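K.L.:
here is a sequence with its predicted model. Questions after.
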2 protein chains.
Amino acid sequence: MLGGMNVKLIDQKLVAECLKMPRAIELMKSAYADLTEGNVDSPLRTALVNEGGTVLYKPAYGEGAGIFCVKVVSVFADNVNKGLPVTPGIIVVNSAETGMPLAILEAGYLTALRTGAATGIATKVMAPEDSKVGALFGTGGQSRHQLEAMLCARSFERIYVFSRQEANAIRFCQDNRDIAGDCELIANPDRKVLKECDVITTSTTSPTAVFSDEEISDRVHINAIGSLGAQRTEISAETLLRSDVVVDQRAACLAEAGEICLMRDAGLIDDDYCPVEIGELILGKQCLGERNKPTVFKSVGNAAQDLVCSAEIYRYALDQGLGVDAVL
Amino acid sequence: MLGGMNVKLIDQKLVAECLKMPRAIELMKSAYADLTEGNVDSPLRTALVNEGGTVLYKPAYGEGAGIFCVKVVSVFADNVNKGLPVTPGIIVVNSAETGMPLAILEAGYLTALRTGAATGIATKVMAPEDSKVGALFGTGGQSRHQLEAMLCARSFERIYVFSRQEANAIRFCQDNRDIAGDCELIANPDRKVLKECDVITTSTTSPTAVFSDEEISDRVHINAIGSLGAQRTEISAETLLRSDVVVDQRAACLAEAGEICLMRDAGLIDDDYCPVEIGELILGKQCLGERNKPTVFKSVGNAAQDLVCSAEIYRYALDQGLGVDAVL
């Protein structure tokens, strides 16, 4: 009975080494197409709650990925006061052929990377091809990857960085110059520059819209990836109502995205409100109309994203002989 | 952003070292009491399926345990032809205080141990105190722990071992003499000895009853822990209908235990059939009637069992400085 199972441990540093943003953006393209076509099984996550926080279990399987995976991610707000990550997580990978556990991956970096990559593919598919000017709201843990994804998707000349704390925006611009290349990063400019922006990405925890509808142009593309939960929105109803709204997964966004739920609660949209899925754009089943109004991509995140990234990282580590081989 | 999380790896051998059967039986007592009192949260498991098998995700949390855990266990029948375990599994342990991942445990040994321990506590609580003669049906991966648990619960003089393959019973008796002590293990005797048995434990994959109602005595206690699924039963309807039936968790057994589901399908029991939970016996909320009819304990297994065992094993390994400390 006593025997050993070999499991590869892939730490945060190795995750970062195995998967770079350009490839992650390609992976999101197939992940979203698979999601729309029903080729990936990502059932409702399970949540366990105590007085300190929540642990979420998010499993997924897709034939294309060739693995099963589950992300175990916690949300413990008070961790910030303990010097611990607020959302620590790991991913368990199992073989599609034998069900054997294959690998354990650190999940925090992967989550930030794939959330960036979602913005990357949405920007590629939805933003004006000649986009030159961008804006990024929020300078938290996700924002570096959001910036990197924008830079991968379009040739920006400058990106404005907004934070409620001016010092955070300044530091963020300094810290991320390494990935910006020729693109200028400008901290907390006058908000009237928002009118010039071709792309705006919001990655905040704001409960209410971070800009008003009057501040933006008619041709802007917006990526709204922050403000988790049905009671928080980063985008105003005015903007949403006049925009082409595209989501990562319809059922999930109708249930969980505050941008949509709050409009429905306020009676601003009907119960049959039906945003397009980005997978439908990728597959050519839907297309955007003429560019005379904003476009919005809203993502609440899906285990299908973790699935394709985990598969890629595991295969790469295996091929290159990387990672720590443990026995259980 | 790049930082490390410390996770303790506890392999099968160390699991076996950290938790022995007598203590596991004690833990089952509190696990079942907690389950009945609603002190443990073990939501419906999630299953992902492909053409080769199934991966099950079974999370649990209880304040008493002081951890969150999830068991990731696969069922791939063809693994037996590949020299791999048919039900490989691991358990991920997260801190109740911070949500941080704390440990990864091999789950196969733990599952067999806690399933044995379930039989152990049921035998302690339900079998005649003076039980001397036992029987064990099935000689598969779970059976050694079933035997050990029976031996912990009562002072058996002899235990009869039945297998469809005579050679398996003989080998099982040889292989398990080390834990039997003064108790004689007897392979495949004439089935008329079943009438003498005070305790019968069934740990098979049989689709139908492994003994008939005429073969057993009126004072026998039966532990039925095998034959997973609503379409398989180890115990005949005749026996079940005249017995005091006790289950690990009512809702789960009404939904998943073939012993009950097949009787309901056949119209032999009403929709309001309501077996006692073993937690109710442990807490003194219910008691068994006079011993003029058989008693049956039916278990389909619950994540609450994994939870208490994982907590104990993790704490023990931590206190003793055991296990491999990995960084993710």
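P.N.:
Noted; the coordinates are in hand.

K.L.:
model confidence score at the closest residue to residue A:91 other than its chain neighbours, please.
P.N.:
Leaving aside its chain neighbours, residue A:91 sits nearest to residue A:105 (4.3 Å; criterion: CB to CB, 6 or more residues apart in numbering or on different chains). For every residue, glycine as well, the C-beta is placed using N, CA and C. Looking at residue A:105, its pLDDT is 98.

K.L.:
can you check the one 10 residues further on too?
P.N.:
Residue-level confidence at residue A:115 comes out at 97, pLDDT.

K.L.:
quick one: it and residue A:148 touch, right?
P.N.:
No: Residue A:115 sits out of contact with residue A:148 when judged by CB atoms under 8 Å, with a separation of 11.3 Å.

K.L.:
that older thread, wait, a strand at the residue nearest to residue A:91?
P.N.:
Yes: counting by DSSP: H, G, I helix; E, B strand; the rest coil, residue A:105 is located in a strand.

K.L.:
that one: what's it in contact with?
P.N.:
For residue A:105, the contacting residues are A:10, A:15, A:90-91, A:93, A:310, A:313-314, B:328, by CB atoms under 8 Å, 6 or more residues apart in numbering or on different chains.

K.L.:
switch to 10 Å and redo it
P.N.:
When contacts are counted by CB atoms under 10 Å, 6 or more residues apart in numbering or on different chains, residue A:105 touches A:8-12, A:14-15, A:18, A:69, A:71, A:89-93, A:306, A:309-310, A:313-314, A:317, A:323, B:328.

K.L.:
so which of these are in strands?
P.N.:
A:8-10, A:69, A:71, A:89-93 (DSSP state E).

K.L.:
pretty sure residue A:278 is touching residue A:305, no?
P.N.:
No: Residue A:278 lies out of contact with residue A:305 (CB atoms under 10 Å); the separation is 11.5 Å.

K.L.:
shared neighbours, the two?
P.N.:
Common neighbours of residue A:278 and residue A:305, using CB under 10 Å, 6+ apart, are A:28, A:31-32, A:35, A:118, A:248, A:299.

K.L.:
can you narrow these down to the ones near chain B?
P.N.:
Among the shared contacts of residue A:278 and residue A:305, no residue is within reach of chain B (CB under 10 Å from any CB of the partner chain).

K.L.:
quick revisit: what do residue A:115 and residue A:148 both touch?
P.N.:
residue A:24.

K.L.:
how long is stretch A:172-188 from one end to the other?
P.N.:
By CA to CA, to the nearest Å, the extent of stretch A:172-188 from end to end equals 11 Å.

K.L.:
residues from the stretch 201-328 of chain A in reach of chain B?
P.N.:
So the stretch 201-328 of chain A meets chain B at A:324, A:326-328 (CB under 10 Å from any CB).

K.L.:
cutoff 6 Å now
P.N.:
Counting by CB under 6 Å from any CB of the partner chain, the stretch 201-328 of chain A comes close to chain B at A:326-328.

K.L.:
buried subset of these?
P.N.:
Listed as buried from these are A:326, A:328; burial here means 16 or more other CB atoms under 10 Å in any protein chain shown.

K.L.:
all strands for the stretch 201-328 of chain A, in order.
P.N.:
Counting by DSSP state E, counting those that start in this stretch, the stretch 201-328 of chain A has strands at residues A:221-224, A:244-247, A:276-277, A:295-298, A:324-327.

K.L.:
thinking again about what came up before, would you mind writing the ChimeraX command to select the buried ones in the ones in strands among the contacts of residue A:105?
P.N.:
In ChimeraX, a selection of the buried entries from the ones in strands among the contacts of residue A:105 looks like this (16+ other CB under 10 Å):
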select /A:8,9,10,69,71,89,90,91,92,93
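
K.L.:
in TSV, list the ones in strands among the contacts of residue A:105 along with pLDDT.
P.N.:
Listed next are the ones in strands among the contacts of residue A:105 as TSV, based on pLDDT from 0 to 100:
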residue	pLDDT
A:8	97
A:9	97
A:10	98
A:69	98
A:71	98
A:89	96
A:90	97
A:91	98
A:92	98
A:93	98
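
K.L.:
just give me the closest of the ones in strands among the contacts of residue A:105 to residue B:236.
P.N.:
Taking CB to CB as the measure, residue B:236 lies nearest residue A:92 of those, at 40.3 Å.

K.L.:
let me see the contact set for that closest one.
P.N.:
The neighbours of residue A:92, taking CB atoms under 6 Å, 6 or more residues apart in numbering or on different chains as the test, are A:70, A:104, B:72.

K.L.:
out of these, who has the most neighbours?
P.N.:
Top of those by neighbour number is residue A:70, holding 30 neighbours under the definition other CB atoms under 10 Å in any protein chain shown.

K.L.:
which strand residues bridge that residue?
P.N.:
residue A:59, residue A:92 (DSSP bridges).

K.L.:
is it true that it touches residue A:59?
P.N.:
Yes: counting by CB atoms under 6 Å, residue A:70 touches residue A:59, with 4.2 Å between them.

K.L.:
which residues are in contact with both of these two?
P.N.:
With CB under 6 Å, 6+ apart, residue A:70 and residue A:59 have common neighbours residue B:57.

K.L.:
does residue A:203 touch residue A:138 like I think?
P.N.:
Yes: between residue A:203 and residue A:138 there is a contact under CB under 6 Å: 3.9 Å.
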